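**Q** Next come a sequence and a model predicted from it.
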Amino acid sequence: MPAPCLRTRGMEQSETKAVHSVLDDIQGMSLGIFMAGLGLHILTTAGLITGQTAGVAVILSYLTDYSFGTIFFVINLPFYVLAWRRLGPVFTVKSLISVTLLSIVAELIPQGMIIAYLNPFMGAIAFGAVTGVGLLALFRHNGSLGGLGVVALLIQDTTGFRAGWVQLIFDAVVFAIAFMLFDTVIVLYSLLGAVVLNLIIAFNHRRDRYVAT
């Protein structure tokens, strides 16, 4: 009787490789964009902040008269050059579409959804969970929300260092600055939300479990 064939790790990965159709990408990225927009609405309703590029945009929107959508779109522009050169045109175009649509969605959701009361602790947890799921959907369809996400994915693909941990390190810097600008309690609640978000990415966005094209 012939011995059972042992499958290598590479073979297992090739067999589980997912090929996304255009419709797959549309529904997956639409879900990710909406979830991220909803998460940002929860965040700003609770008066919290976050890390990453979106966090920088949120902080600047609090400190200036410009809206989050406008600031977020402008901040991401320089990162498209890096994305095009290192991650390819498909990723760059998808990221540009995602950032543009999120900028629009972030302006529209507050007009159709008003949250009457939101405890900051629950707001932080809800933001981290909802936005984390949204980012996973975008990552698995070869897209991102630009900015630090581009750098984090580049580092993960070239070194193996998890994207979630890269973002967590950047968040530490952002929050260190935030402690000098905002109330300590608000920043601590905000930090909780960022930790939840980045842990979701760190534990679930793994190339050895899911390979998207």
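**A** Noted; the coordinates are in hand.
**Q** alpha carbons only for contacts and neighbour counts from here, please
**A** OK.
**Q** burial measure for the spatially closest residue to Ile59 that is not a sequence neighbour, as a count.
**A** Excluding its sequence neighbours, the residue lying closest to Ile59 (CA to CA, 6 or more residues apart in numbering) is Ile49, at 6.6 Å. Counted with other CA atoms under 10 Å, the neighbours of Ile49 add up to 28.
**Q** tell me which element Ile49 falls in.
**A** For Ile49, there is no host helix or strand (DSSP states H and E).
**Q** Isn't it up against Leu43?
**A** Yes - the criterion here is CA atoms under 8 Å, and Ile49 meets it with Leu43 at 6.7 Å.
**Q** list the contacts for Gly47?
**A** Each residue near Gly47 by CA atoms under 8 Å, 6 or more residues apart in numbering is listed here: 120, 186.
**Q** tell me the centre residue of this structure?
**A** Centrality entry for the chain: nearest residue to the mean C-alpha point is Leu135, 3.9 Å, by CA atoms, centre = their mean.
**Q** Please work out which residues outside stretch 182-196 touch it.
**A** The contact list for stretch 182-196 (CA under 8 Å, 6+ apart) reads 47-51, 120-121, 123-129, 132, 168, 171, 175, 178-179.
**Q** For the residues you listed, which ChimeraX command selects only the ones that are buried?
**A** Restricted to buried positions by 16 or more other CA atoms under 10 Å, the ChimeraX selection for the contacts of stretch 182-196 reads:
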select :47,48,49,50,51,120,121,123,124,125,126,127,128,129,132,168,171,175,178
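**Q** The contacts of stretch 182-196 in strands, which ones?
**A** Assigned to strands by DSSP state E, none of these qualify.
**Q** could you pull out the helices for this structure?
**A** 9-15, 22-45, 52-63, 68-76, 79-86, 89-112, 120-139, 148-159, 163-178, 184-204 (DSSP state H).
**Q** any chance of these in TSV, plus mean pLDDT?
**A** Formatted as TSV, these follow (pLDDT from 0 to 100):
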stretch	mean pLDDT
helix 9-15	41
helix 22-45	89
helix 52-63	87
helix 68-76	88
helix 79-86	79
helix 89-112	87
helix 120-139	91
helix 148-159	79
helix 163-178	81
helix 184-204	88
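**Q** Single out the most deeply packed of the ones you listed.
**A** Comparing the helices of the chain by mean neighbour count (mean count of other CA atoms under 10 Å), helix 120-139 comes out on top with a mean of 23.
**Q** starting at the chain centroid, how far to that helix?
**A** 9 Å (CA atoms, centre = their mean, to the nearest Å).
**Q** send the alpha carbons of that helix over as CSV?
**A** Output in CSV follows, covering the C-alpha atoms of helix 120-139 (Å, rounded to 0.1, in the frame of the first residue of the first chain):
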residue,chain,number,x,y,z
PRO,A,120,-16.7,56.6,25.5
PHE,A,121,-15.6,53.1,26.7
MET,A,122,-18.1,51.4,24.5
GLY,A,123,-17.4,53.9,21.7
ALA,A,124,-13.7,52.9,21.8
ILE,A,125,-14.4,49.2,21.7
ALA,A,126,-17.0,49.6,18.9
PHE,A,127,-14.7,51.8,16.9
GLY,A,128,-11.8,49.4,17.1
ALA,A,129,-13.9,46.3,16.2
VAL,A,130,-15.9,47.9,13.4
THR,A,131,-12.9,49.6,11.8
GLY,A,132,-10.7,46.6,12.2
VAL,A,133,-13.1,44.4,10.3
GLY,A,134,-13.4,47.1,7.6
LEU,A,135,-9.6,47.2,7.2
LEU,A,136,-9.4,43.4,7.0
ALA,A,137,-11.9,43.5,4.1
LEU,A,138,-9.9,46.1,2.3
PHE,A,139,-6.6,44.3,2.8
